[in-house]
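**Q** show me how the following folds:
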Amino acid sequence: MAQTASAPRLVDPRQAYPRPPFPKQSQRPPGTDRALDPAPDHGEETYVGSGRLTGLATVVTGADSGIGRAVALAFAREGADVLISYLDRDDDAAATVRLVEDAGTRAIAMRGDIGDEAHCRRIVERARHELGRLDVLVNNAAFQRRRETIEQVSTDEWERTLRTNLSAMFWLCREAAGVMEPGGTIINTASIQATHPSANLLAYATTKGGIVTFSKALSAQLIERGIRVNVVAPGPVWTPLVVSTTAADENAIFGGDTPIGRPAQPAELAPAFVFLASPESGYITGQVIAVTGGEPFA
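**A** As a prediction, the model looks like this:
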């Protein structure tokens, strides 16, 4: 007797997660997942792997919280070992480590500022030493501050934004390119800010546009070595970075103006990274996957 496949579970994307208004809230930068209301979903109860990244050695920056934690969790459940790069939130990083290890793969937590070139070099060196190689690099960590006028943006803040969001990506990509074998993958995280910049995110939006341009140029270089470079560009995502750098009144309605009517949860970004890291996307390089809740990226 033939078996009948169970019907897929259909979910209205508008209702899949909480919609604003949210409770008014703020945090001190860089923020923490534990204080967000509603609590963010990184895929703890929802992401089911299928072995698509089995045995791969991966690095994810900014993996202590937000999108980075969701990517680390998804990579682990797909069978990858993960080096978790983070700034200084030890408790949040430890939570990501537990999620990775609970999936049965190896987690390495590495504390430090990717705005330091030497630290970026050490990240790649440690991945090679402890994981044996580097197959996938995800540049996800970012810094932002909201300023209403250009005069409010200090030189130190401008340079920190560029150093964290652009220079660190360059350093990590340069180190990774020197050690990756053909089939390796680099995934850089941009934003809808790359093409639709908010006036009060002048420095941040500038870096996100630079990430797209950099990635397209690097992809043309590295494809000759069999290494692919792509970009994931999120729209509004419910993360500590957002809440800790946005006014409480704005956090209460964050993401409500998208066609879907809410911000994304980190878990909704992870599948794009898994796809770009997997052999399924082997014919894709130099491209941007926009996960924006219906907002046009171009």
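**Q** ok, Val153 touching Arg147?
**A** Yes. If you go by C-beta atoms under 8 Å, Val153 and Arg147 touch, sitting 5.0 Å apart. For glycine as for every other residue, the C-beta is placed from the backbone atoms N, C-alpha and C.
**Q** joint contacts of those two?
**A** Common neighbours of Val153 and Arg147 (criterion: C-beta atoms under 8 Å, 6 or more residues apart in numbering): 202-203.
**Q** isn't Ala72 up against Thr61?
**A** No. With contact defined as C-beta under 8 Å, Ala72 does not count as touching Thr61 (10.2 Å).
**Q** helices of the protein, start to end?
**A** Secondary structure of the chain (DSSP state H): helices at 66-77, 90-102, 117-131, 155-162, 168-177, 202-222, 240-243, 248-252, 270-277.
**Q** neighbour-wise, which of Ala72 and Thr61 wins?
**A** Counting neighbours by other C-beta atoms under 10 Å for Ala72 and for Thr61 shows that Ala72 has the greater number, 35 against 27.
**Q** give the contact list for the more buried one.
**A** With C-beta under 8 Å, 6+ apart, Ala72 has these contacts: 60, 63, 82, 84, 96, 99-100, 107.
**Q** how far off centre is the one helix or strand in the chain whose mean pLDDT sits lowest?
**A** When the helices and strands of the chain are scored by mean pLDDT, DSSP states H and E, helix 240-243 comes last with a mean of 93. Put simply, helix 240-243 sits 13 Å off its chain's centre (C-alpha atoms, centre = their mean, to the nearest Å).
**Q** then stretch 276-288?
**A** The answer for stretch 276-288 is 16 Å, by C-alpha atoms, centre = their mean.
**Q** list the buried ones in that stretch?
**A** Buried positions in stretch 276-288, judged by neighbour count with 16 or more other C-beta atoms under 10 Å: 276-278, 281, 285-286, 288.
**Q** got the CA positions of it in CSV?
**A** Extracted in CSV, the C-alpha atoms of stretch 276-288 (Å, rounded to 0.1, in the frame of the first residue of the first chain):
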residue,chain,number,x,y,z
LEU,A,276,25.1,29.7,0.4
ALA,A,277,27.5,27.5,2.5
SER,A,278,26.3,24.3,1.0
PRO,A,279,27.2,22.6,-2.3
GLU,A,280,23.6,23.2,-3.5
SER,A,281,24.6,26.8,-4.3
GLY,A,282,27.7,25.8,-6.2
TYR,A,283,26.8,27.8,-9.2
ILE,A,284,26.2,31.0,-7.2
THR,A,285,28.9,33.6,-6.6
GLY,A,286,29.0,37.3,-6.4
GLN,A,287,25.3,37.5,-5.6
VAL,A,288,23.1,39.1,-2.9
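**Q** quick one: contacts of it?
**A** With C-beta under 8 Å, 6+ apart, stretch 276-288 has contacts from 52-53, 56, 58, 75, 78, 80, 136, 138, 183, 185, 187, 190, 212, 215-216, 219-220, 223, 228-233, 275, 289, 297.
**Q** from the residues you listed, list just the buried residues.
**A** Neighbour counting with 16+ other C-beta under 10 Å marks 52-53, 56, 58, 75, 78, 80, 136, 138, 185, 187, 190, 212, 215-216, 219, 228-233, 275, 289, 297 as buried within the contacts of stretch 276-288.
**Q** from Glu181, how far out is Gly66?
**A** 30 Å (C-beta to C-beta, to the nearest Å).
**Q** having no further points to raise, I will conclude here.
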